[in-house]
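1. I would like to see how this sequence folds:
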Amino acid sequence: MSDAAHPPKVEVFDVPALTNTDNKGFVRPVAAYRATDYGLYMSRTADHPRFEHLESWLLPFLGLRANVFHFRDADYRPGQRLYLDVGEFTGPDDEGRWHATDWYLDLVDVTGRPLELVDVDELFDAQAAGHLTVDQCTRAVETAVRALTGAARHGDDVQAWLDEQVGEPLTWLDRGGS
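-> Residues are numbered from 1 along each chain as shown. Here you go, the predicted structure:
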């Protein structure tokens, strides 16, 4: 087990308050939320040195959070289209908030390459440290495999697979705006 094992990252998406609270408790204003039958879209600015804007789709039925990072430097992660977090996503609760628990595994979508699974070591470290159950780890792996095979069946186009799963195109600011 690595010394780097950390508890899962938990976020709150407070739709009525137009805020997003990250795992460290930082509350950030949200420019737009849009709830659908299949998930929640969020668009917000970012006070991050690498990216200036973040868009996310929480897709509870898929166990995924699809993200588009609008990087400040075009040479940082060139060709990255989507970054998917595997986890548990729920909402809305009685107060209109959505909740995300990141289960460590991530999938990186880069133009011209197959979808890449990363952070498998973090999943195993988290389970060994007692942060996730074996059932949660199994669900995380199954979710990642479903996304990997879905993207592969669509010519390594994870966006096309996601669109098929939700029944309509997921929209992004620079790709048919939300």
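2. hey, where'd the helices end up in the protein?
-> Here the chain has its helices, by DSSP state H, at 120-128, 134-153, 158-166.
3. For residue 14, see how far away residue 166 is.
-> From residue 166 across to residue 14, the span is 23 Å (Cβ to Cβ, to the nearest Å). Where you see a C-beta, it was placed from the backbone N, CA and C, and this is true even at glycine.
4. what's the answer for residue 142, then?
-> 30 Å.
5. Who has more neighbours out of the two?
-> Between residue 142 and residue 14, counting by other Cβ atoms under 10 Å, residue 14 is the more crowded of the two (18 against 12).
6. from memory the more buried one sits against residue 20, does it?
-> Yes - counting by Cβ atoms under 8 Å, residue 14 touches residue 20, with 7.4 Å between them.
7. from memory residue 27 sits against residue 19, does it?
-> Yes - using Cβ under 8 Å, residue 27 is in contact with residue 19, at 5.1 Å.
8. So between these two, which is more surrounded?
-> residue 19 (17 against 12).
9. partner strands of the helix or strand bottoming out on mean pLDDT in the chain, parallel or antiparallel?
-> Of all the helices and strands that make up the chain, strand 64-71 has the lowest average by mean pLDDT, DSSP states H and E, namely a mean of 86. Its sheet considered, strand 64-71 pairs with strand 51-59 (antiparallel), strand 80-90 (antiparallel) by DSSP bridges.
10. of all those, which has the lowest average per-residue confidence?
-> Of all the strands paired with strand 64-71, mean pLDDT reaches its minimum on strand 51-59 (a mean of 88).
11. what angle sits between that one and helix 158-166?
-> Here strand 51-59 runs at an angle of 30 degrees relative to helix 158-166 (axes from the mean of the first three to the mean of the last three Cα atoms, to 10 degrees).
12. how far is strand 51-59 from where the chain is centred?
-> Relative to its chain's centre, strand 51-59 lies at 8 Å (Cα atoms, centre = their mean, to the nearest Å).
13. do stretch 54-62 as well
-> For stretch 54-62, the distance to the chain centre is 6 Å (Cα atoms, centre = their mean).
14. hmm, who's touching it?
-> For stretch 54-62, the surrounding residues in contact (Cβ atoms under 8 Å, 6 or more residues apart in numbering) are 13, 38-46, 65-70, 88-91, 98, 100, 143, 146-147, 162, 165-166, 170, 172-173, 178.
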